[in-house]
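Asker: What follows is a predicted structure for the sequence shown.
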Amino acid sequence: MKERKFENVLVVRTDRIGDVVLALPMVTVLRESVPGIRTSMLLRSYTSALVEGFAGLDSIITYDESGEQKGFFALLAELRARRFDLVVVSHPTFRIAVLMALAGIPVRVGSGYRWYSFLFNKRVFEHRKTAEKHEAEYNISLLQAIGIDAPPVPRVELALNESSNEAAAAEMKRLGIGPAEKFVVLHPGSGGSARDWSAENFGDLARGLASDGLKVVVTGTRAETELVGQVLSRAGGSAVGSIGQMSLKVLAAFIGRAQLFVSNSTGPLHIAAAVGTPVIAFYPPIRECSPRRWGPLAEAKVVFTADNLTCPRCHGGPCQGDDCMDQIKVGDVLAAARTLLAPKERSY
C-alpha cells in the first residue's frame with residue numbers, strides 16, 4: 001500500500017554510464033506503480049544523452065555543464081523551481097543530500113548508512129558492498145521506502161533515434177563493414193572500474209573470431225588509444241579500431257547492430273545489454289565487483305569470473321591486480337562466442 005500519492009519525482013544518479021543504465025529500472029517501476037507520475041533524473045551531462053527518450057522518463061536535469069559542476073545555488077534554484085514532491089537518491093553524496101534537503105523536497109529517500117543520512121527522511125538500510133543483490137535490485141529496493149513492493153527487475157531498453165542510427169551506419173561504412181555484414185565488438189578498457197583482461201588476450205580473441213569469417217571492431221575512448229592500439233597490434237590485421245569516434249548514443253546504436261559484444265565490467269557492457277546484443281563479460285574475483293552485483297542484464301550472455309586460486313600472484317588470497325584475469329582462457333571465451341553466435345533453431 002502506497003503511503004501517499006506522488007506526482008513529480010526525481011531520481012538521482014550522478015556517477016558513471018553503467019550505474020545510470022542500472023538505475024533506469026527505477027523509472028519503469030515508478031511509472032508502472034504510480035499512474036500519472038512525472039519522472040525526472042538528475043545526471044551528469046555525459047550520460048544524459050544516452051537515456052534521452054527512455055520510456056517513462058519525462059525530463060533530465062544535468063548536474064554539470066561541460067564537465068564542471070554547476071554552482072551550488074544555481075542548481076538549488078533549478079531544483080526548487082521544479083517543485084518535486086519525492087526524490088530517490090541512488091548514489092548519495094553529502095552535496096547531493098544537502099541540495100535535496102534545501103530544495104524543500106518533502107520526501108527524500110536515501111541510504112541510512114551515511115553520516116549525513118539524517119538529511120533523508122526515508123532511509124533504507126542496505127550495505128551494497130556485500131553484493132548480496134544486483135545493483136538494479138538495490139536501486140528498486142529504495143522504492144520500498146515509499147510503499148512500492150520490489151518487483152523483478154524490468155528489462156532496460158535504450159531509445160535509439162534516427163540520427164544515432166544513421167551515425168552508427170556511417171561508422172560501419174568508415175570501418176569497411178557492409179550493412180548486412182556480421183561483426184563483433186571488443187571493448188578492452190574499463191575506465192578503471194574493474195580488473196581488466198589483457199590486451200594480448202583481446203588480440204588473440206580477435207584473431208580467432210576473424211578466422212571464423214567475422215569482422216572485429218575494437219572500441220575505446222581517446223584516453224584508451226594506446227590500449228586499443230595494443231589489441232590491434234596483437235590482432236595482426238584481424239581487427240579495426242574505432243577510438244573516440246562516437247557519442248554514447250551513437251555507440252549504443254553501433255553496438256546494437258553487432259552480433260556480439262565482449263568486454264570487461266564497464267559501462268558499454270550495460271549499454272550492449274540494454275540494446276539487446278549478446279554479451280561476454282569478464283569479472284574479477286572481488287565480491288564488491290562481482291557479476292552478482294554488476295552483471296549485465298542481458299538475455300543472451302556468458303559471464304566469466306576469474307579464478308584467483310590458480311593466480312600466480314594472489315594464490316587464492318585477495319585479488320591484487322589484473323593477473324587473476326589471465327586465468328580466463330582465450331579458448332574458453334572463443335568457444336562461448338561461437339555458441340552465442342551460432343544460428344538459433346526456430347521453435348514451433
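Answerer: Perfect, thanks for sending it.

Asker: Pull the contacting residues for His127.
Answerer: His127 makes contact with Tyr113 under the criterion CB atoms under 8 Å, 6 or more residues apart in numbering. C-beta: built from backbone N, CA, C; applies to glycine.

Asker: Can you check the pLDDT for it?
Answerer: Looking at His127, its pLDDT reads 90.

Asker: roughly how far apart are it and Val218?
Answerer: His127 sits at a distance of 37 Å from Val218 (criterion: CB to CB, to the nearest Å).

Asker: how about the strands in the stretch 51-200 of the chain?
Answerer: Per DSSP state E, counting those that start in this stretch, the stretch 51-200 of the chain carries strands over the ranges 59-62, 64-65, 68-69, 86-89, 107-111, 122-124, 183-187.

Asker: who does the first one touch, helix- and strand-wise?
Answerer: Secondary structure elements in contact with strand 59-62, counted by 3 or more CB pairs under 8 Å, 6 or more residues apart in numbering; DSSP states H and E, are strand 38-43, helix 45-51, helix 72-82.

Asker: Could you export those to JSON lines, including columns for distance to Ser233?
Answerer: Shown next, in JSON lines, are those (distance: least, CB to CB, whole Å):
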{"stretch": "strand 38-43", "distance to Ser233": "36"}
{"stretch": "helix 45-51", "distance to Ser233": "29"}
{"stretch": "helix 72-82", "distance to Ser233": "45"}
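
Asker: Quick check: the gap between the closest residue to Thr339 other than its chain neighbours and Asp332.
Answerer: For Thr339, ignoring the flanking residues on the chain, the nearest one in space by CB to CB, 6 or more residues apart in numbering is Val302 at 7.4 Å. Separation of Val302 from Asp332 (CB to CB): 9 Å.

Asker: Who has more neighbours out of these two?
Answerer: Neighbour tally, Val302 and Asp332, criterion other CB atoms under 10 Å: the higher count belongs to Val302, 18 against 11.

Asker: and the host helix or strand of the more buried one, average pLDDT?
Answerer: Per DSSP states H and E, Val302 falls inside strand 301-305. Taken as a whole, strand 301-305 has an average pLDDT of 96.

Asker: How far does the helix or strand following that strand sit from its chain's centre?
Answerer: Downstream of strand 301-305, the first helix or strand assigned by DSSP H and E is helix 330-341. Distance, stretch centre to chain centre, for helix 330-341: 23 Å (CA atoms, centre = their mean, to the nearest Å).

Asker: Likewise for stretch 32-45?
Answerer: Distance of stretch 32-45 from its chain centroid, counting by CA atoms, centre = their mean, is 19 Å.

Asker: tell me which residues of it are tucked away?
Answerer: Ser33, Val34, Ile37, Arg38, Thr39, Ser40, Met41, Leu42, Leu43, Arg44 (16 or more other CB atoms under 10 Å).
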